[in-house]
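Undergrad: A structural model of the following input is requested.
(one chain, ligands or ions: 1)
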Amino acid sequence: MKKLKIKGFFKDITGSMRVSKRRNASIKNASPVNDYKDPIKELALELHPVVTHVIVKKVEDVSPTARKFTFVAIDGDKLPPFEAGQYVSLDLEIDGKKAYRPYSISSAPFQARSGEEPFFEITVRNGRPGQGYVSSYIYANLKEGMKLEAHLPYGQFHIEPLRDSKNIVALAGGSGITPFYSMAQEIAHGTLDVDLTILYGSVSHDDIILEKQIQAIHCPRVKFINVISGEGAKLLPGDEKGFISRDIIKKYSVDQDPSNGKTTYFVCGPLPMYLFINKELEALKVPYRRIRMEVFGSTPDVTKNEGYPAGKEKEVYKITVKRGIHEDIIDAKGSETIQNAMERAGIPHETRCRSGACGWCRTKVEKGEFFVPSVGDGRRAADKEYGYVHACATYPLSDMVIKIEIE
Ligand code: FES
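TA: Residues are numbered from 1 along each chain as shown. So this is what the prediction gives:
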């Protein structure tokens, strides 16, 4: 019985070897299937292309410190559809080093899917304290006719009819107005069915960006209120004075009752504004499901974040960066993100949101201490457990060893 089994076993093996030889030969001689199309994959690529090649069509000043850039698609590419409030990530090369930066799309979605020359726009502010070098570079150097690679659309900061109420109060500061300008235009066009009140906090009227453009939207469903905080700053009719406080938020909420769940609050602006408004919404007992937040970029001053160990911002640490067969040792300041340190050293590592939310810059920490501000902590529970961080929102607190994907 045993022998027979062994014989059968060999017979089976030689038999299957013959079949696999035949199969290999037929695969080798097979003609390529040129016309095979995967409709699902093609649709996915149309909705979310890996890259869209664009050219700067127009540059326009929209305040003493902000510029609007209009892009159209080139090289046979088409602009993918997006939602008002989403962002685009631009690829740039500055002094021979790659940089990736996200910008909220300030134009409306309908403008990218209709008209003779569909387009999208971003609006970039210059001269803010702590502003990154890429925004300054774009503001000063991006000219009509320049070609770029863009990745879009990204982000969850858009109105979702199944989740959000039909009454939206937008709380904006600085360039945080840009996603709301996009929403306002889409509402006025009739393709977004909500009522929107924008409360826009500025120090003075000189700081307001896109003011003329927003005032030019004549739509009963869109209200625009400037909240001016500067001491002695001039107020115009309709302005509110001070910061976007709980009293002002209450005044513009449905039934003047923010706790009733009838208003959804969208918050977009710099970190200090975010921290202030968070407390105000908490005091007003706004249901958590009615609050949507978007923080721009990494925190400009990490020491302002709760839990940051004082003094560490003055240190410079050594970070060993492993990627495939490469291993580099770079300097990283305690006050900067690991992502920033890698970019300064010329190590390529792609990003999208740069605020810790999307996970694109996911990095394995093999050794070392680090700090992640709670505002920019978009890590999943499993990532926390297994030592993964988002490099764009992680600050070193000691020498570290990290591992990134090779690009
Ligand atoms: S780029 Fe989105 S989390 Fe870092």
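Undergrad: and stretch 83-97, how far out from the chain middle?
TA: Its chain's C-alpha centre and that of stretch 83-97 lie 9 Å apart, by C-alpha atoms, centre = their mean, to the nearest Å.
Undergrad: is it up against the ligand anywhere?
TA: No: applying C-beta under 6 Å from any ligand atom, one finds stretch 83-97 out of contact with the ligand, separated by at least 8.4 Å. No exception for glycine: its C-beta is placed from N, CA and C like everyone else's.
Undergrad: where exactly do the strands run in the stretch 201-350 of the chain?
TA: Assigned by DSSP state E, counting those that start in this stretch, the stretch 201-350 of the chain shows strands spanning 222-228, 240-241, 263-269, 291-295, 316-323, 326-333.
Undergrad: could you say which of the ones you listed is packed most deeply?
TA: With neighbours defined by mean count of other C-beta atoms under 10 Å, none of these is more surrounded on average than strand 263-269, at a mean of 24.
Undergrad: who does that one touch, helix- and strand-wise?
TA: In terms of contacts (3 or more C-beta pairs under 8 Å, 6 or more residues apart in numbering; DSSP states H and E), strand 263-269 is packed against strand 167-173, helix 178-188, helix 271-283, strand 291-295.
Undergrad: for this structure, what lies in contact range of the ligand?
TA: Applying C-beta under 6 Å from any ligand atom, we find that the chain lies next to the ligand at 351-354, 356-361, 378, 390, 392.
Undergrad: for PyMOL, what selects the buried ones among those residues?
TA: Here is the PyMOL command that picks out the buried ones among those, judged by 16 or more other C-beta atoms under 10 Å:
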select buried, resi 351+352+353+354+356+357+358+360+361+378+390+392
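Undergrad: dump the strands of the stretch 201-350 of the chain to TSV, plus mean pLDDT and distance to Ala112.
TA: Compiled in TSV, the strands of the stretch 201-350 of the chain are given as follows (pLDDT from 0 to 100; distance: least, C-beta to C-beta, whole Å):
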stretch	mean pLDDT	distance to Ala112
strand 222-228	97	20
strand 240-241	96	33
strand 263-269	95	20
strand 291-295	86	20
strand 316-323	97	35
strand 326-333	96	38
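Undergrad: packing partners for the top strand by length along the chain?
TA: Longest strand in the chain, counting residues (DSSP state E): strand 52-63. The elements that strand 52-63 packs onto, with contact taken as 3+ C-beta pairs under 8 Å, 6+ apart, are strand 66-73, strand 147-154, helix 211-215.
Undergrad: now name the helix or strand holding Leu92.
TA: When secondary structure is defined by DSSP states H and E, Leu92 falls within strand 87-94.
Undergrad: which parts of that strand are buried?
TA: Neighbour-count burial for strand 87-94, counted by 16+ other C-beta under 10 Å, picks out 87-90, 92.
Undergrad: please apply the same query to stretch 241-260.
TA: In stretch 241-260, counting by 16+ other C-beta under 10 Å, buried: 244-246, 248-249, 252-254, 258.
Undergrad: what does it contact?
TA: Contacts of stretch 241-260 with the rest of the structure, by C-beta atoms under 8 Å, 6 or more residues apart in numbering, involve 165, 167, 169, 171, 173, 197, 199, 201, 223, 225, 227-229, 235, 240, 262-263, 265, 273, 276-277, 280-281, 283-287.
Undergrad: buried members of these into ChimeraX, please.
TA: Burial among these is assessed by 16+ other C-beta under 10 Å; the matching ChimeraX selection reads:
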select :165,167,169,171,173,197,199,201,223,225,227,228,229,240,263,265,273,276,277,280,281,284,286
